[in-house]
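Quick one, what's the 3D model for this:
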Amino acid sequence: MHPAEQIALILGRIYRNGMTTTSGGNLSIREENGNIWITPASVDKGSLTAADIVCVTPEGACIGQHKPSSEFPFHKAIYDIRPEMRAVIHAHPPALVAFSITHRIPDTNMIPQAKRICGRVGFAPYGLPGSEELGKKIAAEFRDNPDIKAVIMENHGTVLCGTDLTDACTRFETLEFCARTLIHASILGGVRRLTEEEIRMRENPQPTDFVHFTNADYPSDEQAIRSEIVRMVHRACDQGLMSNAYGNVSVRWKGNDFLITPSGVPRREMGIEDVVQIRDGRVESGKTPSRYLPLHHAIYCANPHINSIILTRPPHLMGFATSEVELNVRTIPESWILLKDIPTIQYKEDNLPIARLFDERPCILLAGDSVVVTGDGLLQTFDRLEVAEFTARSLIMATSLGKLYPISNGEIEELRVAFQVK
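Reported below is the predicted structural model:
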C-alpha cells in the first residue's frame, strides 16, 4: 500500500476510535529514499484522503496540495536520530494527555503485553508546538534512551515510533489502553503492579512444539466459522474491546475440535485464511495459534456446553483485573442475568483449574491478565463481553457519585427463578 494510503487509513481509524480530534495529531512514514510522507496542516482529520497527504523530500521540497503538519520538525528529528524507525505517530488521546498534564509516565508493568509492546516510556520537557526546540527535546529523549519507542510530551500528548506504521499504531493503541486501565484502577482504589517474575510467567516465549497435522479440510460449516470469527474480531476492535495487539477468539467446530485466532497477526488485518484449525489437540500445519490455545482447549474439554470463547483486555474490565476491587455485577438485572457473579482469580500456568470454573459461570477475570468470556455461540459470548465492559464502566463512573447499592440477595433469587438462571 502506498504511504499516503496507509496514513489516511490509520489516521481514519485513530479518529473514529476517539484518539485524536479534527485538528489534532499527525502521522508520518519515511521511505528508503528519505522521502517523508506526513499529514497536512489544517485539514479535517475526519475526512482525510490519500490525496491530502504531503511528501517532503530530503532536500526539503514539499509535494502535495497542502502544507505539511506544523509538527514536521520533530518527526524529522526522530528519523535523524533513529534511522531504523520508519513511522511516527503524534496525538492527544485523553488518557495519555492525563499523564502528560500530571507529568507522569504510564507504568507498563501492569499488564505483560503492555510491557512487551511499549517497553520503557520516556518523557520530553515542554517546547513550543512546531518549534525546532521541541524537536530537539524529543529527539534527545530518543537519542539518550535507544530502547525507548514511546515518549510522553510534557503538557502536550505523546509521540511514538515504529518499524512501520502498523507497529507504531499498535504501540500507540496499547499505550493509550495501558493509560486508561491505570486511571480506572486508580479510581477504584489503586493499581496492583506485576512483579518481574509474574511478567516472565505470563510472557514465556510463544510455544513452538505444537503437534501439527497436514490434511486439513475446509467444508462449508468450517468456513462459516472462520468468517464469523473474523467479523467479531473486527467488530471488537471497532468497539474498543480489542486492539491490533490483543484479543483472541475461538469457536467449537465439532467434538473438541475448534478454530482459533492466530498469534502475531494484527487483529484489524486478520482474514479468514489466518484462522487456525485445531483438530484432536493438533494445530493446522503452517500456522501459529494464540498463546492461550491450551486454556481454550482445556475449557472446551471440561465444558461440553461451551461453544465459543473470547479472551481480551478491555480497559474498564482491566481496571478491576489490575486492582484489588471486586467486580460486582449486581448492578442492573441484565448484567447479572447474562454474567452471574464474576470472580477474579490468580493467573495459573495450570489451565485445568481455571477451565473447571466455567461449569457454573460464563465469565471470569484473570488478575493482571485478561477477561475470559464464554457462551453457547459467538454472538452470545460477544454480547456478554459488551455487557461486562459496560457494567465495569458504570461501576467506575459510580465511584464519584457515592455509595453503591447493588441488587439484594432476595432480588437475585427472584431473577434466578424468573429467568431460569442456573
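
I'd like the distance from stretch 15-33 to the chain centre, please.
Centroid separation for stretch 15-33 versus its chain: 18 Å, with CA atoms, centre = their mean, to the nearest Å.

Kindly report the same for stretch 31-45.
26 Å.

Give me the residues contacting it.
3-4, 7, 11, 15, 20-30, 48, 52-58, 64-70, 72, 75-76, 79, 86 (CB atoms under 8 Å, 6 or more residues apart in numbering). In short, each C-beta sits where N, CA and C put it, glycine included.

Write the PyMOL selection for whichever of these are buried.
To isolate the buried ones among those in PyMOL, judged by 16 or more other CB atoms under 10 Å, type:
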select buried, resi 3+4+7+11+15+20+25+26+27+28+29+30+48+52+53+54+55+56+64+68+69+72+75+76+79+86
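
Low-confidence regions, the stretch 201-350 of the chain specifically.
Within the stretch 201-350 of the chain, the ranges that satisfy pLDDT under 70 run 201-208.

about what we covered before: in strands, which of the contacts of stretch 31-45 fall?
Residues of these located in strands (DSSP state E): Asn26, Leu27, Ser28, Ile29, Arg30, Val54, Cys55, Val56.

Arg252 should be in a strand, yeah?
Yes - checked against DSSP: H, G, I helix; E, B strand; the rest coil, Arg252 lies within a strand.

What residue spans form the domains of this protein?
3-188, 205-418 (automatic domain parsing).

Ok, which of those domains comes nearest Ile199?
For those, proximity to Ile199 was assessed by CB to CB; domain 3-188 is nearest, at 4.8 Å.

Work out the gap between the closest one and the centre of the chain.
On CA atoms, centre = their mean, the centre of domain 3-188 falls 17 Å from that of its chain.

Tell me which of the domains of the chain lies nearest to Glu196.
Between Glu196 and the domains of the chain, the shortest gap by CB to CB is with domain 3-188, which sits at 7.9 Å.

now do the same end-to-end measure for the closest one.
End-to-end distance of domain 3-188: 42 Å, with CA to CA, to the nearest Å as the criterion.

Met397 and Glu334, how far apart?
Met397 sits 17 Å away from Glu334, going by CB to CB, to the nearest Å.

between the two, who's got more neighbours?
Per other CB atoms under 10 Å, whichever of Met397 and Glu334 has more neighbours is Glu334, with 15 against 11.

wait, isn't the more buried one in contact with Glu386?
No - if you go by CB atoms under 8 Å, Glu334 and Glu386 don't touch, sitting 10.7 Å apart.

Which positions within stretch 325-340 qualify as buried?
Val325, Leu327, Asn328, Val329, Arg330, Thr331, Ser335, Trp336, Ile337, Leu338, Leu339, Lys340.

whoops, I mixed them up, stretch 344-364
Thr344, Tyr347, Asn351, Ile354, Ala355, Leu357, Phe358, Pro362, Cys363, Ile364.

ok, which pair from those residues is furthest apart?
Spatially, the most separated pair among the buried residues of stretch 344-364 is Tyr347 and Pro362, at 19.0 Å (CB to CB).
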